[in-house]
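**Student:** here is my input; please provide its structure:
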Amino acid sequence: TVHTIVQDFVRPELLFVGTEFGVFFSIDNGINWVKLKSGLPTIAVRDMVIQERESDLVIATFGRGFYIMDDFSPLREISNELENQEAAIFPIKDALMFAQTGGKGNQGSTYFTSPNPQYGATFTYFIKEVPKTKKQLRKEEEKKLFKEGKPIPQPGWRELQLEGQQEKSHLIFTIYDNNGNVVNQFTKAPSKGVSRVLWNMTYAATANTRVSGKFDPITNGGRGIMVMPGTYKVGLKLWHEGELKILVEPIEFTCKKLNNTTLPAENYAENVAFAEKVNKLALAMTATGRMIAETTDKVEQIKQAIYATPGASQELMDKARALTVELEALNFTMNGVAAKASGEEVPPAQVALNKRLSNITYTHMGSTSGITTTEKQGYEILKEEFPPVLQALKQIVEKEVPALETELNKMNAPWTPGRLPDWKE
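**Tutor:** A predicted model of the protein is given here:
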């Protein structure tokens with residue numbers, strides 16, 4: 001049962017119908033129909049209307065409230081010729097840049113808000129076919145042999161194990177600035193048909209990247225500082241079984257600042273240049289903090305191994321204990337006294353390096369104002385105070401710990417993390 005029908009005001013042959021079982025669209029005056037089902041339940045749709053300024057399709061359902069399909073304009077680009085293409089990125093609407101609100105604040109749950117469209121540059125793209133995994137290909141072959149009544153080969157244990165270890169195929173979206181420089185890159189799992197992905201219009205935040213356990217190509221890092229308004233390009237590639245294939249050459253789009261800034265920076269390019277310096281520093285400081293933690297754990301394992309080795313000298317143990325003291329001092333310089341509940345409870349002391357760094361990065365997370373004097377001063381202090389910490393850690397990691405590990409190998413001590421065993425018959 002069809003309850004309502006609307007016609008696109010730009011492409012007349014594009015039709016939408018609301019039925020008892022959802023929404024369907026046609027690009028050929030109603031000859032063929034496709035169901036819109038991503039995010040819309042199978043429900044009676046009683047009325048629809050097109051918001052022409054944004055090309056949004058507003059849907060009124062029976063019993064499930066309202067739904068809005070944001071910017072359906074890519075459907076105007078769908079044609080029979082598209083089926084012959086391997087992939088495509090549809091024309092990209094100008095993206096509005098602004099600092100997002102933090103939410104409802106202290107209004108409470110009784111203050112109703114409805115979600116806005118997701119923030120960022122929206123890329124609508126088409127993938128003809130998703131590459132199949134070895135397991136999927138094996139299953140298809142087994143199904144074919146079963147229908148034909150032929151013997152089905154039994155996969156070996158090792159074959160099944162390698163199937164489970166196969167790296168996921170993934171799409172790679174690369175953002176370029178007007179000069180062809182890579183600004184950001186993110187990944188997404190491939191899916192057949194028309195899909196959407198958003199870019200948050202920020203530079204890459206490399207300091208936050210961290211692998212937990214196993215590499216996952218479809219996990220993306222955090223957000224950096226907002227990019228400069230202007231013209232950008234986005235290209236699409238596919239990684240599958242060790243091969244990187246270009247699906248769509250970079251196409252152009254525009255990022256435009258929403259003119260609602262209270263204290264705009266006089267020259268936003270200075271913000272970007274300062275952010276690049278801070279990002280490099282943050283990358284080094286974050287790595288230093290993690291290296292201190294890993295090295296501390298390694299030294300604790302070394303001390304345990306020394307006590308478990310008959311004949312190990314007390315002098316060797318004292319060297320390991322001295323490294324523990326040095327590493328603790330470096331960690332204190334980086335992090336200071338950890339607050340149990342609030343930073344206000346920590347007594348006055350030398351400001352920890354990571355505290356200074358967080359003050360700089362937090363100040364401009366989502367801000368479009370100019371760089372403050374306090375931020376500039378904080379950066380200059382870190383330029384002076386951080387290098388000695390890095391140099392001291394380098395001495396421990398590259399010389400003092402390896403010297404201990406060499407002694408452990410000579411004594412046939414129990415294995416410790418990061419130490420390559422030495423064996424001779």
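
**Student:** tell me where the model's unsure across the stretch 301-425 of the chain.
**Tutor:** 365-366 (pLDDT under 70).

**Student:** G289: which element?
**Tutor:** Using DSSP states H and E, G289 falls within helix 268-307.

**Student:** next, the buried residues of that helix.
**Tutor:** Neighbour counts over helix 268-307 (16 or more other C-beta atoms under 10 Å) mark 268, 271-272, 274-275, 278-279, 281-282, 285-286, 288-289, 291-292, 295-296, 298-303, 305-306 as buried. For the C-beta atoms, the positions are set from N, CA and C on the backbone; glycine is no exception.

**Student:** do you know how far I78 is from K192?
**Tutor:** Remark: distance between I78 and K192 (C-beta to C-beta, to the nearest Å) = 14 Å.

**Student:** just the residues contacting the longest strand along the chain, thanks.
**Tutor:** In the chain, taking DSSP state E as the definition, the longest strand is strand 243-257. Strand 243-257 has contacts (C-beta atoms under 8 Å, 6 or more residues apart in numbering) with 86-89, 92-98, 121, 125, 127, 171-172, 174, 176, 201, 227, 229-239, 368.

**Student:** what do you get for stretch 267-276?
**Tutor:** Applying C-beta under 8 Å, 6+ apart, the set of residues contacting stretch 267-276 is 203, 224-225, 227-229, 265, 364, 368, 370-371, 375-376, 379.

**Student:** show me which of these are buried.
**Tutor:** Neighbour counting with 16+ other C-beta under 10 Å marks 203, 224-225, 227-229, 265, 364, 368, 370-371, 375, 379 as buried within the contacts of stretch 267-276.

**Student:** show me the two of the residues you listed that sit farthest apart.
**Tutor:** P229 and Y379 (24.6 Å; C-beta to C-beta).

**Student:** if we can go back for a sec, got the buried ones among the contacts of stretch 267-276 as JSON lines, with secondary structure columns?
**Tutor:** Shown next, in JSON lines, are the buried ones among the contacts of stretch 267-276 (DSSP: H, G, I helix; E, B strand; the rest coil):
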{"residue": "Y203", "secondary structure": "strand"}
{"residue": "G224", "secondary structure": "strand"}
{"residue": "I225", "secondary structure": "strand"}
{"residue": "V227", "secondary structure": "coil"}
{"residue": "M228", "secondary structure": "coil"}
{"residue": "P229", "secondary structure": "coil"}
{"residue": "A265", "secondary structure": "coil"}
{"residue": "H364", "secondary structure": "coil"}
{"residue": "T368", "secondary structure": "coil"}
{"residue": "G370", "secondary structure": "coil"}
{"residue": "I371", "secondary structure": "coil"}
{"residue": "E375", "secondary structure": "helix"}
{"residue": "Y379", "secondary structure": "helix"}
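
**Student:** can you put those residues in JSON lines and add distance to T42?
**Tutor:** Listed next are the buried ones among the contacts of stretch 267-276 as JSON lines, based on distance: C-beta to C-beta, whole Å:
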{"residue": "Y203", "distance to T42": "42"}
{"residue": "G224", "distance to T42": "41"}
{"residue": "I225", "distance to T42": "43"}
{"residue": "V227", "distance to T42": "40"}
{"residue": "M228", "distance to T42": "45"}
{"residue": "P229", "distance to T42": "42"}
{"residue": "A265", "distance to T42": "49"}
{"residue": "H364", "distance to T42": "46"}
{"residue": "T368", "distance to T42": "43"}
{"residue": "G370", "distance to T42": "52"}
{"residue": "I371", "distance to T42": "52"}
{"residue": "E375", "distance to T42": "53"}
{"residue": "Y379", "distance to T42": "56"}
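
**Student:** what is the nearest of the residues you listed to Q154?
**Tutor:** The closest of these, once distances to Q154 are taken by C-beta to C-beta, is G224, at 50.7 Å.

**Student:** tell me the contacts of N331?
**Tutor:** Counting by C-beta under 8 Å, 6+ apart, the residues that N331 touches are 289, 292-293, 296.

**Student:** and the residues you listed as TSV, adding distance to E400 and pLDDT?
**Tutor:** Output for the contacts of N331, formatted as TSV (distance: C-beta to C-beta, whole Å; pLDDT from 0 to 100):
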residue	distance to E400	pLDDT
G289	19	93
I292	14	96
A293	17	94
T296	13	96
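
**Student:** which one of those is nearest S342?
**Tutor:** The nearest member of those to S342, counting by C-beta to C-beta, is G289 at 21.7 Å.

**Student:** so that closest one versus S358, what's the distance?
**Tutor:** 12 Å.

**Student:** separation between L40 and G63?
**Tutor:** Taken as C-beta to C-beta, the span from L40 to G63 is 13 Å.

**Student:** how about the nearest residue to S79, chain neighbours excluded?
**Tutor:** Closest residue to S79 apart from its sequence neighbours, by C-beta to C-beta, 6 or more residues apart in numbering: I27 at 7.1 Å.

**Student:** so who does the residue sitting furthest away from the middle of the chain touch?
**Tutor:** Farthest-out residue of the chain from its mean C-alpha position, per C-alpha atoms, centre = their mean: G311, at 50.8 Å. Taking C-beta under 8 Å, 6+ apart, we find G311 in contact with M411.

**Student:** and D297, by the same measure?
**Tutor:** Listed by C-beta under 8 Å, 6+ apart, the contact set of D297 reads P417.

**Student:** and M334, that's in a strand?
**Tutor:** No: if the criterion is three-state DSSP, then M334 is helix and not within a strand.

**Student:** for F24, which non-adjacent residue is closest in space?
**Tutor:** W33 (4.4 Å).

**Student:** could you pull up phi and psi at the one you found?
**Tutor:** The phi/psi pair for W33 (degrees, to the nearest 10) reads phi -130, psi 140.

**Student:** what about Q391, neighbour count?
**Tutor:** Per other C-beta atoms under 10 Å, the neighbour tally for Q391 reads 9.

**Student:** and it, helix, strand or coil?
**Tutor:** Of the three states, Q391 takes helix under three-state DSSP.

**Student:** quick one on the thing from earlier: secondary structure element for the residue farthest from the centre of the chain, which one?
**Tutor:** Going by DSSP H and E, G311 is not part of any helix or strand.

**Student:** quick one: contacts for T231?
**Tutor:** With contacts defined as C-beta under 8 Å, 6+ apart, the neighbours of T231 are 178, 252-255.

**Student:** make sure it is indeed in a strand.
**Tutor:** Yes: T231 forms part of a strand when assessed by three-state DSSP.

**Student:** which residues does it form beta bridges with?
**Tutor:** T254 (DSSP bridges).

**Student:** look up how far A95 lies from it.
**Tutor:** Per C-beta to C-beta, T231 is found 11 Å from A95.
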